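> need the 3D shape of this:
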Amino acid sequence: MEKFVLILLPALIATSGAKESVYARIGEKVVLKPPSINGLSRYVYWTFHKEDGFSLAWSNPYGGKNIAKVEPWKDKLTLSDDSLVIDNVQPEFFGTYFCKIESAIQNVHFHSIELIKLDVSVNPANPLLPGESLSLSCTVDYPKKPEIHWLNPRGEKKGQGTVTVKVTSQDDGMWTCVVAEEKQVKMPVKVMGLSPAPVLPHYTSTSSRFAVPCSIPHPITWEQIKAKGVQEVHWQFFPATSSGLNSQRLFTLSLDSLSWKEDQTRDLKPASDPEKRNLELTRKLGRVDDRGDYVCTMKFKNGLILNRTVHVEVLQITSSPGPHLLSGQQLNLTCSVGQPLPSDLQLRWTQPKPAAQPGLKSDQHSARLTIPEVSTDDGGLWVCGLWQGETQLTSAAIRLTIDPKVSVWTLVMACSAAAIVVLLLLILALVLHRRRRRKMRHLRHQLCRCKKYVLTISWTGEMAPNSHLHSLTLIRGGI
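As a prediction, this is how the structure comes out:
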């Protein structure tokens, strides 16, 4: 009997695990997990402040469970696989939680979790202009301070619990407070700017819709921008140096009505919905003289200038001698953006009928194709695509018309037919001329058949100037 007692006593001793710390902000949802203990048949009890303190919840291996329904816990506690879930953490919820676990062989295990209040703030909360100061604070309400640091949007470690920086456009994004390498709290920081970021040139073509993107990122509003003292929003164009043209102001935005005023449009149209923060410029098709820099600018009263430069390159296909050829002529096709391409970009041709020119290859930078003798199979749509890896950036197209070669016999027949037509036209002209002459001769004969009139005048008396005319007789006669 004594030996049996010695074996059983260790199983009746309560054990206690290490104390765990969990950090939470007011209003967050927290999951307190019990330790992993072998044995499926176990009872779990959750209490607050002390091991035998206020009972929050319990569960047994038979599916039974109970949760406190008194204030301030009412409707804020649930059990999930023996874990205690707290919704909408309140100030009075911070403190020590105890989890008591009893296994089937009556082992008792206590596990404590300290729920520690975490305060995280960003000041000011409104969007910032580049150069303005930003304060980030991350602190805990606990005597033993854990290690705390901030990570900026680029993942760089910044300071301790409190950080003050003058922001740039690179500070726009999520800042992360890291507590004891366990808890992470992400805080958004909005720095005013224009999108998109200038990463690569904007490639378009003479066969594609032309669009120069620029927008105000969400969720910044025009009300916030005006509150910062915006004075002017406009577009400028700086042509490629080879064009020899000067810079041009294209459009200016009226800040009162949020409508565009035209300066030099270059046949471009600004977005019809600037109130939705869209500042894009568009045209149905790109042109070679579109190459250059398009600058979207926003000026503020404090002298700050925000701009976004979009460098545009235009892909173009040229054909020599032209898009309309005869079978047997030499064809030269050139596809380029007017300058050498970066090493990670390639130009690829798509033929109307791939079998027409098998194994056709081109130079990477200019994509110059030479076909010594074209055939009717080469007619159709030729497409030159600009690719970066497996992504097509843009493409240009040209439609070639190839007429069949004219033979000598065909030329003889064509000339003969032309001669016959000319001869027939001459005969027709001669017949019409003779008929006209005959009509004219008949008309003259009708006009020449005139009448003869005889005039007889008789006087009585002497022929004197003042004598009276006694009779006048008109006798009509024929020829």
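> from the centroid of this structure, which residue is nearest?
With distances taken as C-alpha atoms, centre = their mean, Pro213 lies nearest the centre of the chain, 6.5 Å away.
> for that one, give its distance to Thr204.
Remark: distance between Pro213 and Thr204 (C-beta to C-beta, to the nearest Å) = 11 Å. Heads up, the C-betas are built off the backbone N, CA and C, glycines and all.
> the residue lying closest to Gly53 once chain neighbours are set aside: helix or strand, and which one exactly?
Spatially, and ignoring its direct neighbours in sequence, Gly53 is nearest to Thr47 (4.4 Å; C-beta to C-beta, 6 or more residues apart in numbering). Element membership for Thr47 (DSSP states H and E) is strand 42-48.
> and that strand, which strands flank it?
Within its sheet, and counting by DSSP bridges, strand 42-48 is paired with strand 54-59 (antiparallel), strand 95-103 (antiparallel).
> what about stretch 66-79, average pLDDT?
For stretch 66-79, mean pLDDT is 92.
> list of residues touching that stretch?
Applying C-beta atoms under 8 Å, 6 or more residues apart in numbering, the contact partners of stretch 66-79 are 54-59, 65, 84-88, 90, 92-93.
> among the strands paired with strand 42-48, which is nearest Val422?
Closest approach to Val422 among these is made by strand 54-59 (110.5 Å; C-beta to C-beta).
> what is the subsequent helix or strand relative to the closest one?
strand 65-67.
> so which bits of the helix or strand following that following strand are buried?
Downstream of strand 65-67, the first helix or strand assigned by DSSP H and E is strand 77-80. For strand 77-80, the neighbour count (16 or more other C-beta atoms under 10 Å) marks Leu77, Leu79 as buried.
> likewise stretch 115-132?
Leu115, Ile116, Lys117, Leu118, Val120, Val122, Pro127, Leu128, Leu129, Pro130, Glu132.
> show me what contacts Pro201?
Counting by C-beta under 8 Å, 6+ apart, Pro201 has contacts His311, Val312, Glu313.
> ramachandran coordinates for the nearest residue to the second one once chain neighbours are set aside?
Across the structure, with C-beta to C-beta, 6+ apart as the measure, the residue nearest Val312 apart from its sequence neighbours is His202 (5.1 Å). With angles defined as degrees, to the nearest 10, His202 sits at phi -90, psi 110.
> where does pLDDT dip in the stretch 51-200 of the chain?
Scanning the stretch 51-200 of the chain for pLDDT under 70 picks out 104-106, 198.
> now with 90, please.
Where the stretch 51-200 of the chain drops to pLDDT under 90, the residues are 51-53, 60-65, 80-82, 101-110, 125-126, 141-145, 158-161, 169, 181-182, 195-200.
> buried only: go through the contacts of stretch 66-79 for me.
Among the contacts of stretch 66-79, the ones that count as buried by 16+ other C-beta under 10 Å are Leu56, Ala57, Trp58, Ser59, Leu84, Val85, Ile86, Phe93.
> and of those residues, the nearest to Trp349?
Trp349 has its nearest neighbour among these in Val85, at 61.7 Å by C-beta to C-beta.
> now the longest helix seen in the chain: mean pLDDT?
Counting by DSSP state H, the longest helix found in the chain is helix 408-447. For helix 408-447, the mean pLDDT works out to 76.
> in stretch 165-182, what counts as buried?
For stretch 165-182, a neighbour-count test (16+ other C-beta under 10 Å) marks Val165, Val167, Asp171, Asp172, Trp175, Thr176, Cys177, Val178, Val179 as buried.
> with stretch 324-338 instead?
Buried, per 16+ other C-beta under 10 Å, within stretch 324-338: Leu325, Ser327, Leu331, Leu333, Thr334, Cys335, Ser336, Val337.
> among those residues, list the two that are farthest apart in space.
Checking these with C-beta to C-beta, the most distant pair is Ser327 and Val337, at 31.4 Å.
> ok so, going back, sitting in strands, which of the buried residues of stretch 324-338 do you find?
Among these, the members found in strands (DSSP state E) are Leu325, Leu331, Leu333, Thr334, Cys335, Ser336.
> in JSON lines: those residues, plus pLDDT and distance to Arg209.
Output for these, formatted as JSON lines (pLDDT from 0 to 100; distance: C-beta to C-beta, whole Å):
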{"residue": "Leu325", "pLDDT": "90", "distance to Arg209": "29"}
{"residue": "Leu331", "pLDDT": "91", "distance to Arg209": "28"}
{"residue": "Leu333", "pLDDT": "92", "distance to Arg209": "23"}
{"residue": "Thr334", "pLDDT": "92", "distance to Arg209": "23"}
{"residue": "Cys335", "pLDDT": "93", "distance to Arg209": "19"}
{"residue": "Ser336", "pLDDT": "92", "distance to Arg209": "20"}
